[in-house]
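Colleague: Please work out how this folds:
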Amino acid sequence: MCEFTVLRKTGSEIEKIGEDIIFFQYDSQGKTHLSDILGRSKVSAPNAFIREINMLENRHDITLIESETVPYFVRFLEALQSDSEDVKLQRAEELILEIKKQLA
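Modeller: Below you'll find the model as predicted:
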């Protein structure tokens with residue numbers, strides 16, 4: 001199988017947050033869910049975005065970065081697949097508000 005070690009990158013620091021991970025998903029709220037080979041849920045990175053997947057040189061690493069904007073970004077991307085212009089605009093406005101909050 002192809003299990004992954006999951007790493008969290010914060011600035012120049014890298015921390016291992018999961019091993020033997022075989023499942024990565026954003027839920028309907030844009031939060032991250034990870035599970036290992038035994039099916040145990042590991043929600044140790046709720047606002048994570050995949051920065052890198054590395055399978056070179058016998059490595060199986062996924063490196064994540066975290067931001068409060070990730071759930072808004074994921075919901076916005078999902079809304080772009082919607083037929084509703086109102087939903088698209090609503091999600092875009094939510095994302096922009098969150099970005100402004102992070103910049104303040």
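Colleague: rest of the way, CA atoms for contacts and neighbours
Modeller: Will do.
Colleague: which residues touch the closest residue to residue 87 other than its chain neighbours?
Modeller: In space, and not counting its chain neighbours, residue 87 is closest to residue 79: 6.2 Å by CA to CA, 6 or more residues apart in numbering. By CA atoms under 8 Å, 6 or more residues apart in numbering, the contact set of residue 79 is 87, 88, 91.
Colleague: Check those against residue 60 and report the nearest one.
Modeller: Residue 60 has its nearest neighbour among the contacts of residue 79 in residue 91, at 33.7 Å by CA to CA.
Colleague: Bridged to the closest residue to residue 10 other than its chain neighbours, which residues?
Modeller: The shortest distance from residue 10 to any non-neighbouring residue, by CA to CA, 6+ apart, is to residue 65 (6.7 Å). Beta-bridge partners for residue 65, by DSSP bridges, are residue 49.
Colleague: what's the pLDDT at residue 43?
Modeller: Residue 43 carries a pLDDT value of 66.
Colleague: Just list the residues touching residue 76, thanks.
Modeller: Contacts of residue 76 were listed using CA under 8 Å, 6+ apart, and they are 88, 91, 92, 95.
Colleague: May I see the buried residues of the helix or strand the second one falls within?
Modeller: Take DSSP states H and E as the rule and residue 91 turns out to sit in helix 85-103. Across helix 85-103, burial judged by 16 or more other CA atoms under 10 Å covers 87, 88, 91, 92, 94, 95, 98.
Colleague: What helices and strands are in contact with that helix?
Modeller: Counting contacts by 3 or more CA pairs under 8 Å, 6 or more residues apart in numbering; DSSP states H and E, helix 85-103 is packed against helix 70-79.
Colleague: burial of residue 75, as a residue count?
Modeller: For residue 75, the count of nearby residues is 22 (other CA atoms under 10 Å).
Colleague: List just the nearest of the buried residues of helix 85-103 to residue 53.
Modeller: Taking CA to CA as the measure, residue 53 lies nearest residue 95 of the buried residues of helix 85-103, at 25.4 Å.
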